[in-house]
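>>> no sequence on this one, just coordinates:
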């Protein structure tokens, strides 16, 4: 049974960033990262891949190239946690123990929870597409490009999701594409969301509704996709409050699938009653196991699940892990900062930034609720560079 000073579960954005930050410390601890994936994806760019701006290959790198120098990589998956014995069991059956455990295992995409979705998404001729997978993301642009008239539906589920603005962004980009190609009036556009409005932060609601009005997108709230009938090109929706079912015909449907905590976290002693990893919202330390920390999409931190949130969580987690190892107090605090770069069309973007209280926390000396090319350029060209060369290398911004 191997023992580790710091054992990180997950080699995605959060796991690699914290691992790199810890390894960059002058008194760097021994770090081991557990992740079965050969490839690492910069997923925020998938919105623009789905809109035909970039090929999907720009989002992919080899995981091995981003394991921090001096860190160990175990290419396996975690099966179970035993925090009372400071141990994890891998899919291979191997057991590993730790001084500190960091859980950064991301979010689980539950494609199977919508009957008809798994077998139709990304398949030619079905009209069903999704930006939420490397394998299906290019089908979105195929559908956008080929649709000259008919009905296009964009869905948003009731569960927490990666990047809460993404379902709306692709609706805007598709609408802009059709407008630019002279078929905007021939396509009926519907954005159907299980939530109660276009966005959770008041400052950005008016401007986003204005964008939706410009594209003539019909908005339907408190309504969730429950089933697809791909052969008939029908989607079944259920109203969240009344339970009433409606059937919508579509020529194209972009589905944001339901998501949730990974099963191996949900079924473990580390989970909160909601299934998410239970951590202190300021320190990222586990609420019941003091030598366990967690961050990113798998955690119950009450903020949006975005890479930008991780960028601010990781310095807090890494500093507090070092303090814990050295027997000090956990003095670093996370304020819930997150960011949603809301693409409103080709070459325009509203950069929403806010904290736990849904109060704007903007980085630039202008009103970020207005659409700008500069913010679009930041998303398309600046942020990927910051991610690959800065964040994943443990550099703070």
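Structure received. All of these numbers come straight from a predicted model, not from anything done at the bench.

>>> only C-alpha atoms for contact and neighbour calcs from this point on.
Fine.

>>> what's across from the closest residue in space to residue 176 that isn't next to it in sequence in the sheet?
Nearest residue to residue 176, sequence neighbours excluded (C-alpha to C-alpha, 6 or more residues apart in numbering): residue 345, at 5.6 Å. Note on residue 345: beta-bridge partners residue 348, judged by DSSP bridges.

>>> Relative to residue 83, how far out is residue 345?
Distance check for residue 345 against residue 83: by C-alpha to C-alpha, to the nearest Å, it reads 47 Å.

>>> Compare those two (neighbour count), which wins?
residue 345 (22 against 19; other C-alpha atoms under 10 Å).

>>> right, and that one touches residue 172 too?
Yes. When contacts are counted by C-alpha atoms under 8 Å, residue 345 is listed as touching residue 172 (5.8 Å).

>>> ok, the residue nearest to residue 176 - contacts?
For residue 345, the contact set (C-alpha atoms under 8 Å, 6 or more residues apart in numbering) comprises 172, 173, 176.

>>> Mind checking which of the residues you listed are in helices?
Among those, the members found in helices (DSSP state H) are 172, 173, 176.

>>> How confident was the prediction at the closest residue to the second one other than its chain neighbours?
Leaving aside its chain neighbours, residue 173 sits nearest to residue 345 (4.8 Å; criterion: C-alpha to C-alpha, 6+ apart). What the model reports for residue 345 is a pLDDT of 98.

>>> what's the answer for residue 108, then?
Residue 108 is assigned 98 on the pLDDT scale.

>>> Next: the one 3 residues further on.
Residue 111 is assigned a pLDDT of 98 by the prediction.

>>> What is the burial count for it?
Neighbours around residue 111, by other C-alpha under 10 Å: 18.

>>> hang on, it packs against residue 118?
Yes. Look at residue 111 against residue 118 with C-alpha under 8 Å: they come within range, at 5.7 Å.

>>> What is the subsequent helix or strand relative to the helix or strand hosting residue 376?
When elements are assigned from DSSP states H and E, residue 376 belongs to helix 373-377. Moving toward the C-terminus from helix 373-377, the next helix or strand (DSSP H and E) is helix 383-385.

>>> Residues contacting that following helix, please?
42, 45.

>>> Let me know the average pLDDT across that helix.
Here the average pLDDT along helix 383-385 is 98.

>>> buried residues in that helix?
By neighbour count with 16 or more other C-alpha atoms under 10 Å, helix 383-385 contains the buried residues 383, 384.

>>> How far away from the center of its chain is that helix?
On the basis of C-alpha atoms, centre = their mean, to the nearest Å, helix 383-385 is displaced by 16 Å from the centre of the chain it belongs to.

>>> Equivalent analysis for stretch 220-237, please.
On the basis of C-alpha atoms, centre = their mean, stretch 220-237 sits 23 Å off its chain's mean C-alpha point.

>>> Name the residues of stretch 174-187 that are buried.
174, 175, 176, 177, 178, 184, 187.

>>> Can I get these in TSV including pLDDT and distance to residue 202?
TSV is the format used below for these (pLDDT from 0 to 100; distance: C-alpha to C-alpha, whole Å):
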residue	pLDDT	distance to residue 202
174	99	25
175	99	24
176	99	24
177	99	28
178	98	29
184	97	29
187	98	29
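
>>> Return the member of those residues nearest to residue 305.
residue 174 (23.6 Å; C-alpha to C-alpha).

>>> List the beta-bridge partners for the nearest residue to residue 251 once chain neighbours are set aside.
Distance criterion C-alpha to C-alpha, 6+ apart; nearest residue to residue 251, sequence neighbours excluded, is residue 151 at 5.3 Å. Beta-bridge partners for residue 151, by DSSP bridges, are residue 188.

>>> quick one, longest helix in this protein?
Longest helix in the chain, counting by DSSP H: helix 307-325.

>>> ok, back up a step: with distance to residue 233 added, can I get the contacts of residue 345 in CSV?
Listed next are the contacts of residue 345 as CSV, based on distance: C-alpha to C-alpha, whole Å:
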residue, distance to residue 233
172, 22
173, 22
176, 24
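
>>> would you list every one of the helices in the stretch 201-350 of the chain?
In the stretch 201-350 of the chain, the helices defined using DSSP state H, counting those that start in this stretch lie at 202-214, 263-266, 307-325.

>>> Of all the ones you listed, which one is nearest residue 123?
Per C-alpha to C-alpha, nearest to residue 123 of those: helix 263-266, 27.3 Å.

>>> got the buried residues for that closest one?
By neighbour count on 16+ other C-alpha under 10 Å, the buried set for helix 263-266 is 264, 265, 266.

>>> sorry, back to before: quick one: distance of the longest helix of the chain to the chain centre.
Centroid displacement of helix 307-325 relative to its chain, using C-alpha atoms, centre = their mean, is 18 Å.

>>> by contact count, what packs against it?
Packing partners of helix 307-325 (3 or more C-alpha pairs under 8 Å, 6 or more residues apart in numbering; DSSP states H and E): helix 13-23, strand 292-294, strand 338-345.

>>> what do you get if the cut-off is 6 Å, keeping everything else the same?
Helices and strands touching helix 307-325, as assessed by 3 or more C-alpha pairs under 6 Å, 6 or more residues apart in numbering; DSSP states H and E, comprise helix 13-23, strand 338-345.

>>> which residues are in contact with it?
Applying C-alpha atoms under 6 Å, 6 or more residues apart in numbering, the set of residues contacting helix 307-325 from outside is 14, 18, 22, 284, 296, 330, 332, 337, 338, 339.

>>> Stretch 40-52 now?
Applying C-alpha under 6 Å, 6+ apart, the contact partners of stretch 40-52 are 55, 56, 59, 60, 61, 62, 63, 131, 137, 138, 140, 141.
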